[in-house]
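Visitor: Fold the stuff below for me.
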Amino acid sequence: MTPVRKRKLKPAITMTRSDHERLWRLADSLPDSASNVADPLLAELDRARIVADDKIAAKIVRMGSSLHFTSDLGEDKYVTLVFPGEADIEKNKISVLTPIGAALIGLQAGQTIDWTSRDGRVHRLTVESVSQSGDAPKATAASELQP
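Guide: Numbering: from 1, shown residues only. Here you go, the predicted structure:
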């Protein structure tokens, strides 16, 4: 008998209303040819619990959050989650349109999630800590639309 692999449920996530609206517009504005980029983010948006901007806990990853995560790949990284136009891997700024960026949005410290890399492999990461640098930054229309 072949062993049945249990599918791990994704952890509950929470987003602010403004992040949810901006990210939905961003993902929806991408051309159909970019569905491999938009679909993971749209899936996270669909399952998120939405709260008022002033009701989100500081330990939850939102746009502009800085966080520390570890992964099954041996990564131990400190990054900031940003809109595509602000992404800069050398400055550890990860776009929410990357597979790992989409996986991070809405998680809180202590949560673990499986995510699929662009090469189709499934990986696991754990958010170790989250910090906010004041209010989450407001994205400009130009930065929101640049993949």
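Visitor: can we go C-alpha only for contacts and neighbour counts from here?
Guide: Will do.
Visitor: wait, isn't Trp115 in contact with Ile105?
Guide: No: with the criterion set as CA atoms under 8 Å, Trp115 and Ile105 do not qualify as a contacting pair; they are 11.9 Å apart.
Visitor: of the two, who's got more company?
Guide: Neighbours per residue (other CA atoms under 10 Å) separate Trp115 from Ile105, with Ile105 holding more: 24 against 20.
Visitor: State the distance from that one to Leu41.
Guide: Separation of Ile105 from Leu41 (CA to CA, to the nearest Å) stands at 9 Å.
Visitor: which sections of the chain are below the confidence cut-off?
Guide: For the chain, the stretches flagged by pLDDT under 70 are 1-8, 134-147.
Visitor: Now do the strands in it.
Guide: When assigned using DSSP state E, the strands of the chain occupy the ranges 14-16, 49-51, 66-71, 76-82, 93-95, 112-116, 122-131.
Visitor: Reformat those strands as CSV; add distance to Asp32.
Guide: What follows is the strands of the chain, written out as CSV (distance: least, CA to CA, whole Å):
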stretch, distance to Asp32
strand 14-16, 25
strand 49-51, 26
strand 66-71, 31
strand 76-82, 22
strand 93-95, 19
strand 112-116, 20
strand 122-131, 24
